[in-house]
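> Give the three-dimensional model of this entry:
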Amino acid sequence: MKNLSETKYSSALQTVKDLKQKYGDTWNAINPESAARMAAQNRFKTGLDIAKYTASVMRKDMAAYDADNSQYTQSLGCWHGFVAQQKMIAVKKHHKTTDKKYLYLSGWMVAALRSEFGPLPDQSMHEKTAVPALIAEIYDFLRQADAIELNDLFRRLENGEDVQAEIDNFQTHVVPIIADIDAGFGNEEATYLLAKKMIQAGACAIQIENQVSDAKQCGHQDGKVTVPHEDFISKLNAVRYAFLELGVDDGIIVARTDSEGAGLTQKLPVSKEPGDLASKYLAFVEAEEVAIEDVKEDEVLLKRDGKLTKPVRLPNGLYKFKDGSNIDRVVLDCITSLQHGADLLWIETPTPNVKQIAHMMNRVKEVVPNAKLVYNNSPSFNWTLNFRNQVFEEMLAEGENMTAYDRNNLMDAQYDGTELCHRADEKIRTFQIDGAREAGIFHHLITLPTYHTTALHMNNLTEGYFGDEGMLAYVRDVQRQEIRKTVSCVKHQRMAGSDLGDDHKTFFAGDNALKAGGSKNTSNQFETEAAPKKKKLTAVA
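Modelled structure (predicted):
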């Protein structure tokens, strides 16, 4: 039914009525109202529909941030479609809108949790197909969340409740996803091909880093090797061409630099004229002045300021950057990326320090005033210790007597109720607000939150369930909490689509439908008191 392209109920209704008239008696069993309802519950027909819609959402949000830096955006990393679905359902429940709430797809979590090889480190060893597969899975679950919530609303409408406004103003669970393509999984052609698959699955924003693809390391680990700017620009171009080919004209590229913590390069680029990008990159390479007669066979040399120098080369063939050049390299990386097609920046940092981030971003903004950052509020940071250390320094500078604190043991629980703790926790609470205001951070994300929450919750449940508490551990700490906090999946059959399927079966088979939602369905134990019935309305949209 390709003609059923309109998402609004009334448009879909008229389309099906016209089709019934066209095809005559053979379509007698098709109910226009039921078909229109199903169409309204499935706003996005393809991943490209999602990518185009969410790109426009992100562009609007970027413009809003440019006008008011309090309008930053946020996301949490999700490693499964169900996790993403429950996150967005909770967002709508608690915050009443999905505005400025995104999803993040972490290459780290794909490697650790989604590879057919089993758990892997964050070194681009997982199958590249796992990345678009997860994007597609996430959006399948979000579209299902739309269908389930709208189906409930249509059921309530049929039962006489006045929920027409909720149907008319329904806000989708589908939100932008910033998807990690690592270092591009190969050369620029490989990057282009994978980017296409990711966009076709629904990604409107692709994050790519300037590490060597086959030597990629997690941004918070040692051993990172960066590529010359020309190589990275070719990857940026590959992603942009993929967006344009697929008609996502305003797709977003997030350019990540790992130069802050990377001390090595694999290649020495070719400089064609003094001061070009290659020349600037080469200037960061550590080199020793040598005399030609002291040079060994097959050694690589550079001419600097009229003098002959030998780059410091490790036994593995990699070249070493000058100590202390990392911040200058970060700034040059950021400016170069923005000048060559990137829309947003990502700077990997060793600690979450607003002043340090702002120092780098302010230098970038001197050249590109509207530069904006995507920042990883990483679980790799010890947030408590980092901020207690920051506050310790501040209190010391303010002349406070700090003898009650052991500087080498600030994580100790004995400090939890102290002034230092309260000030540190307040800094953590306002970190995103402060970063958005002072450091150009448009988007705050946590890469691996659901990795850690899953482990924590299983630890807590296991402790009680396999101990003396037995079933009480589950009932008290899981099910009772789900009921009292109205967590959607307490009725897990409904969340998996049972009610939705029952209605579809009725559409397809009428009174012959074998449905799951009868009186013997144990999910009825979780029903709340029904709302008073109101005048029955006919859905229009």
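
> show me where the chain has strands.
73-77, 101-105, 177-180, 205-209, 225-226, 252-257, 264-265, 287-289, 302-304, 307-311, 319-320, 344-347, 373-376, 441-446 (DSSP state E).

> can you pull the pLDDT of His220?
Looking at His220, its pLDDT is 50.

> again but with Asp298, I slipped
With respect to pLDDT, Asp298 scores 86.

> Next: Ser34.
91.

> With mean pLDDT as added columns, please give the strands of the chain in TSV.
Supplementary listing: those in TSV, determined by pLDDT from 0 to 100:
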stretch	mean pLDDT
strand 73-77	97
strand 101-105	97
strand 177-180	97
strand 205-209	97
strand 225-226	90
strand 252-257	97
strand 264-265	92
strand 287-289	94
strand 302-304	91
strand 307-311	94
strand 319-320	94
strand 344-347	97
strand 373-376	97
strand 441-446	97
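
> okay if I get the ones you listed as CSV plus distance to Leu13 and mean neighbour count?
Where you see a C-beta, it was placed from the backbone N, CA and C, and this is true even at glycine. Listed next are these as CSV, based on distance: least, C-beta to C-beta, whole Å; neighbours: other C-beta atoms under 10 Å:
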stretch, distance to Leu13, mean neighbour count
strand 73-77, 36, 23
strand 101-105, 32, 24
strand 177-180, 32, 27
strand 205-209, 35, 27
strand 225-226, 56, 26
strand 252-257, 36, 25
strand 264-265, 62, 20
strand 287-289, 73, 13
strand 302-304, 72, 12
strand 307-311, 71, 15
strand 319-320, 66, 18
strand 344-347, 41, 25
strand 373-376, 42, 26
strand 441-446, 39, 24
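
> Indicate which one of those strands is closest to Asp502.
Nearest to Asp502 among the strands of the chain is strand 101-105 (29.3 Å), distances taken as C-beta to C-beta.

> What is that closest one packed up against?
In this structure, strand 101-105 packs against strand 73-77, helix 81-95, helix 130-158, strand 177-180, strand 441-446, with contacts taken as 3 or more C-beta pairs under 8 Å, 6 or more residues apart in numbering; DSSP states H and E.

> Return the most buried member of the ones you listed.
When you average the neighbours per residue for each of the helices and strands packed on strand 101-105 (mean count of other C-beta atoms under 10 Å), strand 177-180 leads with a mean of 27.

> List the contacts of that strand.
Strand 177-180 is contacted by residues 54, 75, 102-108, 110, 131, 135, 138-139, 198, 202-207, 252, 254, 374, 443, 445 when judged by C-beta atoms under 8 Å, 6 or more residues apart in numbering.

> now swap in stretch 60-80 and tell me
84, 87, 100-106, 109-110, 112-114, 134, 137-138, 178, 252, 343-344, 370, 372, 432-433, 435-437, 440-451.

> for the helix or strand of the chain with the lowest mean pLDDT, which positions count as buried?
Lowest by mean pLDDT, DSSP states H and E among the helices and strands of the chain is helix 492-495, with a mean of 71. When burial is assessed from 16 or more other C-beta atoms under 10 Å, helix 492-495 yields the following buried residues: 493-495.

> nearest to Pro119, of those residues?
If you rank the buried residues of helix 492-495 by distance to Pro119 using C-beta to C-beta, Met495 comes first, at 27.3 Å.

> Against Ala404, how distant is Thr46?
From Thr46 across to Ala404, the span is 62 Å (C-beta to C-beta, to the nearest Å).

> Using TSV, please lay out the helices and strands packed on strand 101-105 together with distance to Ser488.
Below are those laid out as TSV (distance: least, C-beta to C-beta, whole Å):
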stretch	distance to Ser488
strand 73-77	17
helix 81-95	5
helix 130-158	8
strand 177-180	21
strand 441-446	22
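
> do you know which of the ones you listed lies nearest Thr265?
Nearest of the helices and strands packed on strand 101-105 (C-beta to C-beta): strand 177-180, 22.3 Å.

> That closest one pairs with which strands, parallel or anti?
strand 101-105 (parallel), strand 205-209 (parallel) (DSSP bridges).

> what ranges of this structure fall below the confidence cut-off?
1-7, 121-122, 213-223, 490, 492, 497, 513-526, 528-541 (pLDDT under 70).

> 80 instead, please
1-8, 121-125, 213-224, 489-541 (pLDDT under 80).

> now do the same end-to-end measure for stretch 461-478.
One end of stretch 461-478 sits 8 Å from the other (C-alpha to C-alpha, to the nearest Å).

> so which of the strands paired with strand 177-180 comes closest to Lys224?
Nearest of those to Lys224, taken as C-beta to C-beta: strand 205-209 at 9.1 Å.

> Next, the angle from the closest one to strand 441-446.
80 degrees (axes from the mean of the first three to the mean of the last three C-alpha atoms, to 10 degrees).

> Need the CA coordinates for strand 205-209. CSV is fine.
The C-alpha coordinates for strand 205-209 follow below in CSV (Å, rounded to 0.1, in the frame of the first residue of the first chain):
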residue,chain,number,x,y,z
ALA,A,205,24.6,12.3,13.2
ILE,A,206,27.8,10.3,12.7
GLN,A,207,30.8,10.7,15.0
ILE,A,208,34.2,9.9,13.6
GLU,A,209,37.7,10.2,15.3
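
> Residues touching it, excluding its own?
The contact list for strand 205-209 (C-beta under 8 Å, 6+ apart) reads 54-55, 58, 176-184, 191, 195, 198-199, 216, 219, 235-236, 239, 251-258, 344, 346, 374.

> how much space is there between Trp383 and Asp434?
Here Trp383 is placed at a distance of 14 Å from Asp434 (C-beta to C-beta).

> meant to ask about Ala291
53 Å.

> Over to Gly510?
Taking C-beta to C-beta, one finds Gly510 at 60 Å from Asp434.

> and what of Lys96?
Using C-beta to C-beta, we find Lys96 at a distance of 25 Å from Asp434.
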